[in-house]
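Participant: Predicted model and sequence follow; I will ask about them next.
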Amino acid sequence: MTAELRDERVRSVSRLSRLLSRPELGAAAGTVLVFVFFAITAGNTGLFSAKGIINFLEVSAQLGILAAPVALLMIAGEFDLSVGSMIGFAGILIAIPSVFWGWPIWLSLLFCFAVCGGIGALNGLAVVRTGLPSFIVTLGSLFMLRGLTLGLTRGISGRTQVSGVHELALNDPLNSLFSGQVFSGPIAWLSDIGLIGKRADGLPSISGIPVSIVWWVVLTLGCTWLLTRSRFGNWIFAAGGEANAARNLGVPVARTKITLFVMTAMAAALFAAIQVLVTGSADTLRGTQKEFEAIIAVVIGGTLLTGGYGSAIGAMFGALIFGVVQMGIFYTGIDTDWFKLFMGAMMVIAVLFNSYVRNRAMRSR
Amino acid sequence: MAEPYVELRSVSKYFGSVVALKDVSFDVCPGEVHCLLGDNGAGKSTLIKTLSGVYTPDEGEIRVQGKPARFASPADTRNSGIATVYQDLALVPLMSVARNFFLGREPMRKFGPIRQFDTEFANRTAYDELAAMGIQLRDPEQPVGTLSGGERQCLAIARAVYFGAKVLILDEPTSALGVHQASVVLKLIVQSKARGIGVIFISHNVHHAYVVGDRFTLLKRGKSTGTYAKSEIDRDQLLNLMAGGKELVDLEQELTKAVRSSLA
Ligand SMILES: Nc1ncnc2c1ncn2[C@@H]1O[C@H](COP(=O)(O)OP(=O)(O)OP(=O)(O)O)[C@@H](O)[C@H]1O
Ligand SMILES: [Mg+2]
């Protein structure tokens, strides 16, 4: 038997089983399931009209922006429970300097990203240096950041909400990076050829794609590239899979983890920037529980809670499921109280399914 | 005789009041297998950790290619061509064979301004290197967790050899393996030796050590009881030294007595 022949046989057998052991398999199947379910129950409610699609994609995009870097961090074996509070804190960091101190929006944005990145680095340093579980360390940050946000905002503004960002942002050079829409041209064209419905006044039912959706896609692709194609990605898997082995081989495990904590914090800042510039205000309670929603999306996406295995594409599916279910329940008129029950159950099922897939992957083929 | 690649001269190592190594000399030459034998707590692990830069000796010196050396860290040691394959093997079970092979030393490929992990090269090299050592992989992208214990051991050794190890330190590579798997690893040790690599083989198992070893050093309570060439000692003598022949005879008598008294 020649080497080539043998190779060929090995490849054809393992392609299929490799596909079946992909981490995102469960999430992809779940997405199809959820779409079919709502296509049947909410088919004619407008959930799947252009407007409805944009609506749920926007919900998914916000969560997905968090979920992609959170997935990388969880693959590296760590949690960041502070991202939710970080969103509230970051929003305030943008609004207060602009509204109260007269900073231009672009400067406040840079300030916000710098401070959040720094706090992310502190989270990472604290975890790496103390050797404590990141769950505990970032649970501390969760409370400290929320408290800091409330204290600072009330101290400076006397209230818990800061509005008036819209007017200041109108002519800011960075404004369109975080709010507004793109691809208006193609959307108008799709509407002209009849693929997208028109409103009564003759304009297309949607005027473009919200920029947050673009961020979501770009971040997911970027994180996927990092994970599967870069040296850093190898280190992420190794740090979460077997940190000691990685260290013995010269992988800078500590630096890898700290970098990822910076990334999750920056993602929270991005989330906040989009939210503040779209709504025109910041609120001290923004982002509450987002840390858990992000973890749910990541886990549904096939990432192991114990680290070492997972995918950013999976997290994208997780976020998509989140958005579809949330808006689907809204459109079908089911009491939205049931949403959390549904997502919680979905996560438990996903964990069971994923551990099955992983055991499959680890079984001698 | 060949010049030793690495050499310990009268090394002592203390942990507080514990004398882990006392005045031990040990060396390995290119293309030989030097077995390090000894009971539990004899100081074998301490000796190889001293050799691989984890511990610095309290007395005595280390020489690499005849020159005194000071290892600041395990990475430092690796750079001077001394690779240690620890019992945990430094493998990540959930990662692919190819990614494990290159972990920490990833091959990169340029696409314009972008540098990315060269999956094709990694897969091909891991496959070929293991094939050259007699391990046929089903798929270089299969997780290491799906390999058998012997295959994992071979992967760790093949990796060290590929990255230019001049001296391989193997800490009980066969102790957890069955007969067949152990023989695969023993073959690999002989192959590495044929490539001119000096192998330090730590083992409890005299049978495994005797088939591949060229020289044997016995540690007892932190002291070396001497180094023997294969021509100077046969397997039974080695077994006796190792198990403490007298202790075994004593034990036998004691047991017979115990059985007799229980029957009476
Ligand atoms: N870090 C340490 N601190 C204190 N004592 C130590 C340390 N490492 C080893 N020792 C002691 O030194 C002695 C030699 O230990 P070592 O681990 O080198 O033995 P070994 O020959 O490798 O044994 P085994 O066959 O069980 O692996 C033992 O008494 C051990 O308790
Ligand atoms: Mg030992």
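Facilitator: Received it, and whenever you're ready, just let me know what you need. Residues are numbered from 1 along each chain as shown, chains lettered A, B, ... in the order given. Ligands and ions are numbered 1, 2, ... in the order given.

Participant: Quick check: which element contains the one residue in chain A that gets nearest to ligand 1?
Facilitator: Using Cβ to the nearest ligand atom, A:Asn244 is the residue of chain A that sits closest to ligand 1, at 16.1 Å. Glycine gets a C-beta too; all of them are placed from N, C-alpha and C. Per DSSP states H and E, A:Asn244 falls inside helix A:243-248.

Participant: Now do the buried residues in that helix.
Facilitator: Using 16 or more other Cβ atoms under 10 Å in any protein chain shown as the test for burial, helix A:243-248 gives A:243, A:245-248.

Participant: residue ranges with poor pLDDT in chain A?
Facilitator: Low-confidence segments of chain A (pLDDT under 70): A:1-18, A:363-365.

Participant: Need the CA coordinates for the helix holding A:Asn244. PDB is fine.
Facilitator: This file holds the C-alpha atoms of helix A:243-248, laid out as PDB (Å, rounded to 0.1, in the frame of the first residue of the first chain):
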ATOM      1  CA  ALA A 243      -1.500  25.100  31.800                       C
ATOM      2  CA  ASN A 244       1.400  23.300  33.400                       C
ATOM      3  CA  ALA A 245       2.400  21.500  30.200                       C
ATOM      4  CA  ALA A 246       2.100  24.700  28.300                       C
ATOM      5  CA  ARG A 247       4.400  26.500  30.800                       C
ATOM      6  CA  ASN A 248       6.900  23.700  30.600                       C
END
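
Participant: Does chain B have contacts with that helix?
Facilitator: Yes. In terms of Cβ under 8 Å from any Cβ of the partner chain, part of helix A:243-248 sits within range of chain B, namely A:244-246, A:248.

Participant: about what we covered before: now do the contacts for the residue of chain A closest to ligand 1.
Facilitator: Neighbouring residues of A:Asn244 by Cβ atoms under 8 Å, 6 or more residues apart in numbering or on different chains: B:88, B:90.

Participant: rerun that using 10 Å as the cut-off
Facilitator: A:Asn244 makes contacts with A:253, B:86, B:88, B:90, B:92, as judged by Cβ atoms under 10 Å, 6 or more residues apart in numbering or on different chains.

Participant: Check A:Gly310 too.
Facilitator: Applying Cβ under 10 Å, 6+ apart, the residues near A:Gly310 are A:23-24, A:71-72, A:74-76, A:227, A:236-237, A:240, A:298-299, A:301-304, A:354, A:358, B:94.

Participant: quick revisit: how far off centre is the helix holding A:Asn244?
Facilitator: Centroid displacement of helix A:243-248 relative to its chain, using Cα atoms, centre = their mean, to the nearest Å, is 28 Å.

Participant: cool, stretch A:330-348 as well?
Facilitator: Centre-to-centre, stretch A:330-348 and its host chain are 19 Å apart (Cα atoms, centre = their mean).

Participant: Please enumerate the strands of the stretch 201-350 of chain A.
Facilitator: A:209-210, A:281-283 (DSSP state E, counting those that start in this stretch).

Participant: Dump the ones you listed into CSV; add distance to ligand 1 and mean neighbour count as well.
Facilitator: Output for the strands of the stretch 201-350 of chain A, formatted as CSV (distance: least, Cβ to the nearest ligand atom, whole Å; neighbours: other Cβ atoms under 10 Å in any protein chain shown):
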stretch, distance to ligand 1, mean neighbour count
strand A:209-210, 59, 20
strand A:281-283, 54, 23
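
Participant: quick one, which of those is nearest to B:His208?
Facilitator: B:His208 lies closest to strand A:209-210 among the strands of the stretch 201-350 of chain A, at 65.9 Å (Cβ to Cβ).

Participant: what pairs with the closest one, and is each one parallel or antiparallel?
Facilitator: Partner strands for strand A:209-210, per DSSP bridges, with pairing direction: strand A:181-182 (antiparallel).

Participant: The residue nearest to the spatial centre of chain B: what secondary structure?
Facilitator: Centroid-nearest residue in chain B, with Cα atoms, centre = their mean: B:Leu170, separated by 1.0 Å. Three-state assignment for B:Leu170 (DSSP: H, G, I helix; E, B strand; the rest coil): strand.

Participant: Stretch B:78-87 near chain A at all?
Facilitator: Yes. Stretch B:78-87 lies within reach of chain A by Cβ under 10 Å from any Cβ of the partner chain, at B:78-79, B:84, B:86.

Participant: Let me know the pLDDT of the closest residue to B:Ser52 other than its chain neighbours.
Facilitator: Using Cβ to Cβ, 6 or more residues apart in numbering or on different chains and skipping the chain neighbours, the partner closest in space to B:Ser52 is B:Thr84 (4.1 Å). On pLDDT, B:Thr84 comes in at 87.

Participant: Next: the one 10 residues further on.
Facilitator: B:Leu94 is assigned a pLDDT of 90 by the prediction.

Participant: What's the separation between B:Gly41 and B:Arg221?
Facilitator: Distance from B:Gly41 to B:Arg221, counting by Cβ to Cβ, to the nearest Å: 8 Å.

Participant: Mutual contacts of the two, please.
Facilitator: Common neighbours of B:Gly41 and B:Arg221 are listed as B:Ala20 (criterion: Cβ under 10 Å, 6+ apart).

Participant: Who are the packing partners of the lowest-mean-pLDDT helix or strand in chain B?
Facilitator: Within chain B, confidence by mean pLDDT, DSSP states H and E is lowest for helix B:245-263 among all helices and strands, at a mean of 76. Where contact means 3 or more Cβ pairs under 10 Å, 6 or more residues apart in numbering or on different chains; DSSP states H and E, helix B:245-263 is packed against helix B:235-243.

Participant: low-confidence ranges in chain B?
Facilitator: Counting by pLDDT under 70, chain B has low-confidence residues at B:1, B:243-249, B:264.

Participant: residues in it within reach of ligand 1, list them.
Facilitator: Contact residues, chain B versus ligand 1 (Cβ under 6 Å from any ligand atom): B:15, B:18, B:20, B:38, B:40-46.

Participant: which two in the residues you listed are spaced the farthest apart?
Facilitator: B:Phe15 and B:Gly38 (16.8 Å).

Participant: Looking at the two, which is more packed in?
Facilitator: Neighbours per residue (other Cβ atoms under 10 Å in any protein chain shown) separate B:Phe15 from B:Gly38, with B:Gly38 holding more: 23 against 11.

Participant: what about the nearest residue to A:Ile295 once chain neighbours are set aside, neighbour count?
Facilitator: Once flanking residues are discounted, A:Ile295 sits nearest to A:Val70: 6.7 Å by Cβ to Cβ, 6+ apart. The burial metric for A:Val70, expressed as a neighbour count using other Cβ under 10 Å, is 32.

Participant: How about the one 4 residues further on?
Facilitator: A total of 31 residues lie near A:Met74 under the criterion other Cβ under 10 Å.

Participant: same question, A:Thr332
Facilitator: 14.

Participant: who's in contact with it?
Facilitator: Counted by Cβ under 10 Å, 6+ apart, A:Thr332 has contacts A:37-38, A:41-43, A:45, A:47.

Participant: before we move on, back to that, the strands of the stretch 201-350 of chain A into TSV, with extra columns for distance to B:Ser175?
Facilitator: Output for those, formatted as TSV (distance: least, Cβ to Cβ, whole Å):
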stretch	distance to B:Ser175
strand A:209-210	61
strand A:281-283	62
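
Participant: To A:Ala312, which of these lies closest?
Facilitator: strand A:209-210 (20.7 Å).

Participant: Not counting its own residues, what contacts the closest one?
Facilitator: Contacts for strand A:209-210 (Cβ under 10 Å, 6+ apart): A:54-55, A:57-58, A:61-62, A:179-184, A:186-187, A:216-217, A:274, A:278.

Participant: Mind giving me the ChimeraX select for these, buried ones only?
Facilitator: Applying 16+ other Cβ under 10 Å to the contacts of strand A:209-210, the buried members can be selected in ChimeraX as follows:
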select /A:54,55,57,58,61,62,179,181,187,216,217,274,278
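
Participant: In helices, which of the contacts of strand A:209-210 appear?
Facilitator: Judged by DSSP state H, helices contain the following of the contacts of strand A:209-210: A:54-55, A:57-58, A:61-62, A:184, A:186-187, A:216-217, A:274, A:278.
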